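Student: structure, please.
(one chain, ligands or ions: 1)
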Amino acid sequence: MHRMQIVLGFDMETDVGSWTPYYEGLKHGTPVILNILDRHEVTATFFFTGDAARKHPETVRDVKARGHEVGAHTLFHETVGDSLFDIPGMMPVLEEEVPNRLRLCTEWIEQIADMRPVSFRCPRLFGSTAVVNALDALGYVADATYPMFYYRERLRPYHPSREDWTQEGDLRIVELPTFADLSMESKDPYGRDMDQWPLFRTESAQALLRHIDGFVGYCQVRGVEPFLCFYFHPWEFHPMPQGEIHYGEGAVRPDPFIVKNCGPYAAEQLDFLIKTLLDRGAEFVQAQKAAGEA
Ligand SMILES: [Zn+2]
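Tutor: Residues are numbered from 1 along each chain as shown. Predicted coordinates for the structure are as follows:
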């Protein structure tokens with residue numbers, strides 16, 4: 001049996017990611033996740049936006065008290081890295097704003113968690129060279145961002161270059177690639193059909209396991225030990241509104257797949273996924289630990 005290391009990452013943000021200002025999923029979905037993790041005795045990393053931490057400090061404390069890692073996910077889920085595709089109402093912040101925003105986000109979370117976060121993930125997996133340099137300077141040890149479906153090169157944790165975050169270099173921080181099924185032929189201009197998310201709930205844990213098998217096979221023929229970094233969200237474990245969501249001065253209507261099967265179905269599938277991976281001998285570690293071994 002080959003060693004297979006797993007990082008479960010949960011991005012702690014408003015409902016439906018960029019699409020609402022609400023925290024129903026964070027409030028009601030987080031306990032569901034924590035119970036599943038407890039049942040299987042596995043540990044995970046929860047990346048909080050500064051705003052989510054400030055508005056729901058009790059959730060940050062729960063996550064920490066249950067033995068999981070508290071990481072960071074920007075101030076307000078803004079795009080701090082390079083946009084891979086356009087998001088309505090979301091312009092990337094300027095490169096010169098990045099260090100200050102990441103410093104503030106770190107301080108907000110540190111105040112609430114009573115410990116400094118050392119792991120980070122960029123919203124939408126839009127990372128950049130400016131981001132990893134700023135994180136490194138702030139003392140972060142892990143950035144769980146690199147979207148494998150898009151860059152398709154790095155398979156394992158690596159120290160990024162200060163000139164190009166997608167290449168290996170001498171920064172102290174470690175980039176943890178979020179895996180995708182590179183064994184398949186992509187029909188999407190961005191390679192999103194190779195990605196892991198959100199298959200576990202739009203289809204099933206079995207569908208996600210097929211992508212996992214594809215990735216593991218891709219690694220094995222290259223003599224690489226498979227490393228699987230996942231991304232999920234608490235709002236996927238609480239029913240989300242279907243169709244238009246009204247607030248402020250209008251309404252948004254997310255694509256149906258974005259909110260499909262959020263709630264009990266997603267919880268069942270996560271439970272099955274973790275059980276199956278444990279049966280295969282996988283080792284679950286927090287992002288900071290995975291980075292420490294790179
Ligand atoms: Zn996010």
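Student: where do the strands sit along the stretch 51-200 of the chain?
Tutor: Assigned strands in the stretch 51-200 of the chain, in chain order: 69-72, 119-120, 142-143, 174-175 (criterion: DSSP state E, counting those that start in this stretch).
Student: let me have those in JSON lines, extended by distance to the ion.
Tutor: Just so you know, the C-beta spots here come from the backbone N, C-alpha and C atoms, and that holds for glycine as well. Listed next are these as JSON lines, based on distance: least, CB to the ion, whole Å:
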{"stretch": "strand 69-72", "distance to the ion": "11"}
{"stretch": "strand 119-120", "distance to the ion": "11"}
{"stretch": "strand 142-143", "distance to the ion": "14"}
{"stretch": "strand 174-175", "distance to the ion": "17"}
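Student: turn these into JSON lines, including mean pLDDT.
Tutor: Formatted as JSON lines, those follow (pLDDT from 0 to 100):
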{"stretch": "strand 69-72", "mean pLDDT": "98"}
{"stretch": "strand 119-120", "mean pLDDT": "99"}
{"stretch": "strand 142-143", "mean pLDDT": "98"}
{"stretch": "strand 174-175", "mean pLDDT": "98"}
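Student: who wins for proximity to residue 273 among the ones you listed?
Tutor: strand 69-72 (19.5 Å; CB to CB).
Student: mind listing residues that contact the closest one?
Tutor: 9, 43-50, 60, 63-64, 102, 105-106, 109, 113, 115, 117-121, 142, 144, 286-288 (CB atoms under 8 Å, 6 or more residues apart in numbering).
Student: the strands of the stretch 51-200 of the chain into TSV, with extra columns for distance to residue 185 and mean neighbour count?
Tutor: Listed next are the strands of the stretch 51-200 of the chain as TSV, based on distance: least, CB to CB, whole Å; neighbours: other CB atoms under 10 Å:
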stretch	distance to residue 185	mean neighbour count
strand 69-72	34	26
strand 119-120	32	29
strand 142-143	29	28
strand 174-175	26	26
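Student: ramachandran angles for residue 231?
Tutor: phi -130, psi 130 (degrees, to the nearest 10).
Student: and residue 271, by the same measure?
Tutor: phi -60, psi -50.
Student: pull out the buried members of the contacts of strand 69-72.
Tutor: 9, 43-50, 60, 63-64, 102, 105-106, 109, 113, 117-121, 142, 144, 286-288 (16 or more other CB atoms under 10 Å).
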